[in-house]
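Novice: output the structure for:
(one chain, ligands or ions: 1)
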Amino acid sequence: MKKVLSRRDWFKSTLALTAGVTLASSLTEHLMAAPMSEAERAYFDLGLGANQKVRLNSNENPYGPSEKAKKAVIESLTQGNRYAFNELEELKKLIAAKEGVDVKYVLMGAGSGELLCQTGIAYGLEGGRVLSAYPTFPLLMNYAQQMKANWDKVDLNDKLEHNYEALAAAIKSDTRLVFSCNPNNPTGTVVSDSIVRGFCQEASKKTLVYADEAYLEFLEPAQQKSMVNMVENNPNIVVSKTFSKIYGLAGLRIGYVIGHPDTLQKIAKYGDTISPSQTAIAAAKATLGDEDFMKLTREKNAIARNVLTNYLDQKKISYGKSLTNVVLFPAPKDGKKILSQLDEKGFLIRIWDYQSKEWCRVSIGTEAEMKNFVKAFDEVIA
Ligand SMILES: Cc1ncc(COP(=O)(O)O)c(C=O)c1O
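Specialist: Numbers count the residues shown, from 1 in each chain. You can find the predicted model right below:
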């Protein structure tokens, strides 16, 4: 017994020491449950699984899913043979109550990405133009382009924020849709709600406004000013939200749009009525409005983000003021080299092109991961 415990302790301390590399807890438990072989010992001494990368490339939540969500998913498995018609309706009612709208105003998708695709198809099919700031999350516009619409892009301002004045000025007579992302991805920057609200009000007189609020809950609760309350009397505004970010359910795929039923009908034509799975619905139900879990994510994320921004300050590298789990800054050297050298050190990030320059987009992991990341990044750019 003593021997087993000391192996476990050794294994735990090895895990703790490994530079920024996290094993999924299920895998850790699995490995700890069995006696450690010489091969495993040697392998982990060499650096804990060369192909375990720290994923700072998809704006995921390293703390999710919550314990409540995990439990609900396990319990939902017995319903895995059933289409989730009723469960989806129940979830829609919960969402409608939380958002303060009638249930007819809620459209669910397997991730908000699915709804962005559907909207891109629905409005892209009309030809004409779609408009957005750039860089931003491009999925809707990519789909609209596939349907032969043109994508007009408006640069961010010097602080890497949406320039809503310039966006408003760029609306043309054949602009079918304008995509607004606040907070924005890839910058994490936030524009004050009065500006966004004024923009939505004016722009929606001319075209559909798609307000993406995927990262809104990373802001302190008092700062979370959604555009949802504009939707009720305005068929030209839709707001999308996701369970992938603050709730940490990215892999389960569930999100939603709030909009006027007529507008939702137009979007829903290009998707299935029952795409979220039993497991995703169960997790969403268990975690919707879980203030404790959101607070935990928000607080840990802010601490970990500071590790990165303090490093960037120290290096005098400018960056957009992010209030979310992603930071964008100019690449200090060739993007391809940064990617490959970081990859060798076990870290995945993204490189974006903007204004003929390369930019590093780094998602925020745990505090330990970010401490190890800045060390590795510093070596890469030295
Ligand atoms: C701004 C924004 N909207 C929507 C999505 C899509 O997320 P999901 O499909 O997981 O809901 C993402 C994903 O990164 C995003 O950054």
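Novice: endpoint to endpoint, stretch 59-68 covers what distance?
Specialist: The first residue of stretch 59-68 is 22 Å away from its last residue (C-alpha to C-alpha, to the nearest Å).
Novice: flag every buried residue along stretch 81-94.
Specialist: Buried residues in stretch 81-94, counted by 16 or more other C-beta atoms under 10 Å: 84, 87-88, 91-92. All C-beta atoms are positioned from the backbone trio N, CA, C, and that covers glycine.
Novice: taking the residues you listed together, which two end up most distant?
Specialist: Farthest pair in the buried residues of stretch 81-94 (C-beta to C-beta) is 84 and 92. Separation: 11.2 Å.
Novice: show me what the helix or strand hosting residue 308 is packed against.
Specialist: Following DSSP states H and E, one finds residue 308 within helix 291-314. Here helix 291-314 touches strand 326-330, helix 367-381, going by 3 or more C-beta pairs under 8 Å, 6 or more residues apart in numbering; DSSP states H and E.
Novice: any stretches of the protein with poor pLDDT?
Specialist: The chain contains residues with pLDDT under 70 at 1-51.
Novice: so what's the backbone phi/psi at the nearest residue to residue 247 once chain neighbours are set aside?
Specialist: In this structure, residue 247 finds its nearest non-sequential neighbour in residue 287, 4.8 Å apart by C-beta to C-beta, 6 or more residues apart in numbering. With angles defined as degrees, to the nearest 10, residue 287 sits at phi -110, psi -20.
Novice: neighbours of residue 287, how many?
Specialist: 25 (other C-beta atoms under 10 Å).
Novice: wait, doesn't it sit right on residue 296?
Specialist: No - counting by C-beta atoms under 8 Å, residue 287 sits too far from residue 296 to count as a contact (11.9 Å).
Novice: name the element residue 195 belongs to?
Specialist: Element membership of residue 195, judged by DSSP H and E, is helix 193-203.
Novice: contacting residues around residue 91?
Specialist: Neighbouring residues of residue 91 by C-beta atoms under 8 Å, 6 or more residues apart in numbering: 108, 276, 281, 284-285, 288.
Novice: inside strands: which ones of those?
Specialist: Using DSSP state E, residue 108 are the members of those that sit in strands.
Novice: which positions in this protein make contact with the ligand?
Specialist: By C-beta under 6 Å from any ligand atom, the part of the chain that sits against the ligand consists of 59, 111-113, 137, 181, 185, 212, 214, 242, 244, 250, 255.
Novice: in JSON lines, list these along with neighbour count.
Specialist: Putting the residues of the chain next to the ligand into JSON lines (neighbours: other C-beta atoms under 10 Å) gives the following:
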{"residue": "59", "neighbour count": "23"}
{"residue": "111", "neighbour count": "24"}
{"residue": "112", "neighbour count": "27"}
{"residue": "113", "neighbour count": "19"}
{"residue": "137", "neighbour count": "20"}
{"residue": "181", "neighbour count": "25"}
{"residue": "185", "neighbour count": "23"}
{"residue": "212", "neighbour count": "28"}
{"residue": "214", "neighbour count": "26"}
{"residue": "242", "neighbour count": "26"}
{"residue": "244", "neighbour count": "24"}
{"residue": "250", "neighbour count": "20"}
{"residue": "255", "neighbour count": "26"}
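Novice: quick check: the farthest pair among the residues you listed?
Specialist: Greatest spatial distance among the residues of the chain next to the ligand (C-beta to C-beta): 181 and 250, at 17.1 Å.
Novice: can you name the residue of the stretch 251-382 of the chain nearest the ligand?
Specialist: residue 255 (3.7 Å; C-beta to the nearest ligand atom).
Novice: identify the bridge partners of that residue.
Specialist: Counting by DSSP bridges, residue 255 forms beta bridges with residue 109, residue 242.
Novice: so who does it touch?
Specialist: By C-beta under 8 Å, 6+ apart, the neighbours of residue 255 are 108-115, 214, 240-244.
Novice: cutoff 10 Å now
Specialist: Residues counted as contacts of residue 255 (C-beta atoms under 10 Å, 6 or more residues apart in numbering) are 107-116, 214, 240-245, 249, 276, 280, 284.
Novice: residue 326 now?
Specialist: Shown in contact with residue 326 (C-beta under 10 Å, 6+ apart): 56-59, 183-189, 215, 218, 245, 305, 320, 350, 361-364.
Novice: now do stretch 61-69: distance to the chain's middle.
Specialist: 14 Å (C-alpha atoms, centre = their mean, to the nearest Å).
Novice: what do you get for stretch 356-369?
Specialist: Offset of stretch 356-369 from its chain centre (C-alpha atoms, centre = their mean): 13 Å.
Novice: buried residues in stretch 53-65, which are they?
Specialist: 53-57, 59-62, 64-65.
Novice: oh, that last question was meant for stretch 311-327, not what I typed.
Specialist: Those buried within stretch 311-327 under the rule 16+ other C-beta under 10 Å are 311-312, 319-320, 322-327.
Novice: and for stretch 75-82?
Specialist: Burial within stretch 75-82, assessed by neighbour count using 16+ other C-beta under 10 Å, is assigned to residue 76.
Novice: list the contacts of it.
Specialist: Taking C-beta under 10 Å, 6+ apart as the rule, stretch 75-82 contacts 84, 86-87, 277-283, 285-286.
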